[in-house]
Structure formats: structure tokens, C-alpha cells
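K.L.:
My questions are about this predicted structure, shown below with the sequence.
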Amino acid sequence: MPIVSLAGLLGQPDVTAFLRGIVARGRYGNAYLFTGPAGVGKGTAALAFARAALCDHVHGAAPAAATVTAADDGMSLFGGMGSAPAAPEPAAPAPDGPLLDDACGECPACRKSASLQHPDLKFLFPVSGVEAKLEETIGETLQGMRDDPLFVFQYDQAASVRLSLTRELQRELAFRPYEASRRVVIIRDCDRMREDQYSALLKSIEEPGASTLWVLTSSRLSRVPATIRSRCQTVKFAPLPETAVETVLQQYGKASGPLARTLAALAAGSLARAVALSREDAAGQARAALAMLEPVRARNQAGLWKAAQDATKFGRAGREALRRTIEFHQLWQRDLLSARYGDGSRPFVFAEREAEIRAEAARTDATEIRRRLMVLEEALRSIDGNITADLTLFSALARVGGAKLGEGAWPSHGTARWDY
Ligand SMILES: [Zn+2]
């Protein structure tokens, strides 16, 4: 997770423009909620936004900057508070210097926030493990972020934003910021909190005249209470373009060539997911998954059954193998679609098997591909339920091959392909 400036954010032009606009005007809302899929840069953007808000050289960091409420989108001519004087929209650079819309990157404040050591930057995130080791765990995570520009937060089921930390924050909010004109509180994955933490938080967000800028992030918006959502301005992040993910993987030596493309496609616009996948033997997994195409095409059910059992034999890991196998087959079908209907501008995920893709695409039309995708999607949706992994994989791939094991129904709503 890189600590960059707003200008350095990857693949989110709308969000970047919006946040830079806020910084340029120096009119911050009380609270922002960054939402969107996991691993697309919400946390990175939150830190970049905080950095700009704390920068000594940015006009918005000056004490006189007006604060607007969530109801005000920051675009109107008048501050959100009824009796507050109208804050002039700076249309031109102020006489005492240029109007900045991003952290300068050089002032003492910028240097401190870049190393996550600015006293007015409060960064909370979910942690698991015993309370006694909390400081250690947090310290390790922060060090990981400083050392690794592609640091990925990964949580287990029980990870949460600890109560002790929100209490400590609450106490600190009673005091003025130490160095900057405002304090920035980032709560990463704020959906991992308890009910009473939200209520305490809500009171602080609503505090009139508070010099605190709140930035919450969540990829599971439905788990954030409506009371919190309504107090925040929502900033929506989109999945990253696959080409952007592919480029970053190559830049940082995580993967190269066709493998980088496969990982980017598999990650569906999530850089964090792609980075996590790069630590696995994705090429080997892809080969194993696509090897099942042979018994599928030959309608060799005995062969397919054996392959499905082999692929999923390791208990819990078996489910992950099942998920991954299905995802590779989805990408295979996508390549068929590109081969048959694409304009050639999009490279194949499995470029090294181009001849095979083109041959199969020539005899497979859109209706058939849609039917197969429907079967695969249904299998993916069933994974979190009480299923038998080998049987699910066998049945899905047998039906992809055309066996009539019962027709699936097109899912009526979207499926989260991962949730972590
Ligand atoms: Zn600065």
C-alpha cells in the first residue's frame, strides 16, 4: 500500500479530480466514506487525501479554512452552517502564493505523514490477535506499509477495529490538533466495528466546529450502519483497469508477460488481489484448471470426476481450489468471446493458447458461452454454502461440456467474487 500524493493515485481519475478539488478549495466536509471493491486504492487515496489536508504548503491546511457539513457537497457558494459567513470560492491563486490541490511532498508535515508519523494523522485499521500484543501487531503492519509499496492488508474473520483504539481516539479528540490546523482520522475497513463504536463515532463526527476530518473506507457498504453513511459524503471507487493492474505487477517485478495479464484478469480490477495472487503459483493453477477442458470436451465423465477430486482434495483449501478453478474457466470463456466477437484490441488472458482458443471459438456462439458462464457463476455462488467441493466442480464442468445435469438459473443479483 503505497503512501503517495493524490497525483500518484492509480486508475481512479474521477475520485482523484474530486479530492483535488476539495483540497484546492480548502473546504473539507466533516466526513467522507470511500467505498468500492476491495483492493482498488481506497486506503491509499485516504492517506493521500490526509497528506494533502495536513501539508504545510496547501492553502486548505490554513486555520481559516471553512468546514462544510455532509449536506453541503462543497460546491455551493455558502457554507453548510446556516449562520456561517459565506466562504469565498477561490477562483484564482491567492496573492500570497499558488493555490495547491495536492501535498507538496517536501514540507515537514508531508515527510511525517509519508512515514505515517504525523501526530495529527490517526490511522485505525482492523487487527486480529490478542490484546496484549496489539501494539506490536500494529507496529508491524505500519512498518510493512512503509517498506512495501504494494503492501496488502489481509484480515482473518475475527479482525476488527479494536475498541481500545477507538476509545483512545475518543479521548484524544477532546484536545486540539498538535501541529496542523486539523486532525485527520482514517478508519480503514470501518465495517469491522461494534455497534457501540459506531455510536461513539457518530457523536464525534457530528461535533460542531470540530477540527477533525474523518475518512472512512469500506468495501462492504451494506455492513456500515445507515446512520454513519448518512453523515458521510460517499466517494465511490471503481475496479481498476486490468491494464493498470498488469502494468503495476510488471513494474514491481511481481509477475511478467502472460502471467501478469492472467493475474490482472483473475483479480478483476483489484490490485491487492492481484498482488496476493502473485505469491501463489497461478501459472500452475491455471494449467491444472484448464487441463480439465480435455475430459470436459471428450465428455469423459470418469476422467473429469477424478480430476475434480484431485483438484479439491485438501479440505478447506479445496474450496479455494474450487473457486480458483471456476474463475480460470470463466476467463477461458471470456477469451472465447473475445476471439469470436472482439475487435482484436483486447489481448487474450491465455495468449499462449491462442490457436486452441480460436478453434473452440469458431464452433461456440454467444448463446452457448452465456450458458456456460451461467453454470460457472452458479457454482461460484454456491461455494459459501454447504457444498461438496469435488461434486460441485464435477457437476459445473460436466454441464459446461454440455451434459444435462439440470439447467442453472442466471443469478438475479451480483456476486462478490471475494470478500476479505
Ligand atoms: Zn507538504
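P.N.:
Perfect, thanks for sending it.

K.L.:
Report the distance from stretch 162-182 to the chain centre.
P.N.:
How far stretch 162-182 lies from its chain's middle: 26 Å, per C-alpha atoms, centre = their mean, to the nearest Å.

K.L.:
Pull out the buried residues from that stretch.
P.N.:
Neighbour counts over stretch 162-182 (16 or more other C-beta atoms under 10 Å) mark 162, 165, 166, 169, 172, 173, 177, 180, 181, 182 as buried. Placement of C-beta: from N, CA and C, glycine included.

K.L.:
Secondary structure and pLDDT for those residues - can I get that in CSV?
P.N.:
Below are the buried residues of stretch 162-182 laid out as CSV (DSSP: H, G, I helix; E, B strand; the rest coil; pLDDT from 0 to 100):
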residue, secondary structure, pLDDT
162, coil, 94
165, helix, 93
166, helix, 94
169, helix, 93
172, helix, 91
173, coil, 90
177, coil, 92
180, coil, 91
181, coil, 89
182, coil, 92
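
K.L.:
Residue 283: which of those is nearest?
P.N.:
Closest to residue 283 out of the buried residues of stretch 162-182 is residue 162 (39.0 Å), distances taken as C-beta to C-beta.

K.L.:
coming back round to it: and the buried residues of stretch 162-182, which two are furthest apart?
P.N.:
Most distant of the buried residues of stretch 162-182, by C-beta to C-beta, are 162 and 181, 28.6 Å apart.

K.L.:
which phi and psi does residue 203 have?
P.N.:
phi -60, psi -40 (degrees, to the nearest 10).

K.L.:
Number of residues surrounding it?
P.N.:
For residue 203, the count of nearby residues is 10 (other C-beta atoms under 10 Å).

K.L.:
Settle this for me: residue 112 is touching residue 103, isn't it.
P.N.:
No - using C-beta atoms under 8 Å, residue 112 makes no contact with residue 103, being 11.2 Å away.

K.L.:
Dihedrals phi and psi, residue 215?
P.N.:
Torsion angles, degrees, to the nearest 10, at residue 215: phi -130, psi 110.

K.L.:
More neighbours: residue 112 and residue 103, which one.
P.N.:
residue 103 (30 against 18).

K.L.:
Just the pLDDT at the more buried one, thanks.
P.N.:
Residue 103 carries a pLDDT value of 94.

K.L.:
cool, and residue 66?
P.N.:
43.

K.L.:
just the one 4 residues further on next, same as before
P.N.:
Taken from the predicted model, the pLDDT recorded for residue 70 is 42.

K.L.:
residues in contact with the residue lying closest to residue 108 once chain neighbours are set aside?
P.N.:
Excluding the flanking residues, the one nearest residue 108 by C-beta to C-beta, 6 or more residues apart in numbering is residue 56, at 6.8 Å. By C-beta atoms under 8 Å, 6 or more residues apart in numbering, the contact list for residue 56 reads 104, 107, 108, 109, 110.

K.L.:
pretty sure residue 377 belongs to a strand, no?
P.N.:
No - looking at residue 377 with DSSP: H, G, I helix; E, B strand; the rest coil, it is helix, so not inside a strand.

K.L.:
so how many other residues sit close to it?
P.N.:
Neighbours of residue 377 (other C-beta under 10 Å): 20.

K.L.:
For residue 327, see how far away it is.
P.N.:
11 Å (C-beta to C-beta, to the nearest Å).

K.L.:
Same check on residue 38?
P.N.:
On the measure of C-beta to C-beta, residue 38 and residue 327 end up 16 Å apart.

K.L.:
Residue ranges in this protein under the pLDDT threshold?
P.N.:
Residue ranges of the chain with pLDDT under 70: 1-2, 59-99, 209, 315-316, 404-420.

K.L.:
Who are the packing partners of the longest helix anywhere in it?
P.N.:
Counting by DSSP state H, the longest helix found in the chain is helix 315-341. The contact analysis (3 or more C-beta pairs under 8 Å, 6 or more residues apart in numbering; DSSP states H and E) places helix 315-341 against helix 257-267, helix 282-291, helix 301-311, helix 354-362, helix 366-382, helix 389-400.

K.L.:
Just name whatever secondary elements the fourth one is in contact with.
P.N.:
For helix 354-362, the packing partners by 3+ C-beta pairs under 8 Å, 6+ apart come out as helix 315-341.

K.L.:
now do the fifth one
P.N.:
Counting contacts by 3+ C-beta pairs under 8 Å, 6+ apart, the secondary-structure elements packed against helix 366-382 are helix 315-341, helix 389-400.

K.L.:
orientation of that helix relative to helix 315-341 in degrees?
P.N.:
160 degrees (axes from the mean of the first three to the mean of the last three C-alpha atoms, to 10 degrees).

K.L.:
now the helices for the stretch 101-250 of the chain?
P.N.:
For the stretch 101-250 of the chain, helices defined by DSSP state H, counting those that start in this stretch occupy the ranges 108-114, 134-147, 163-172, 195-206, 226-231, 242-251.
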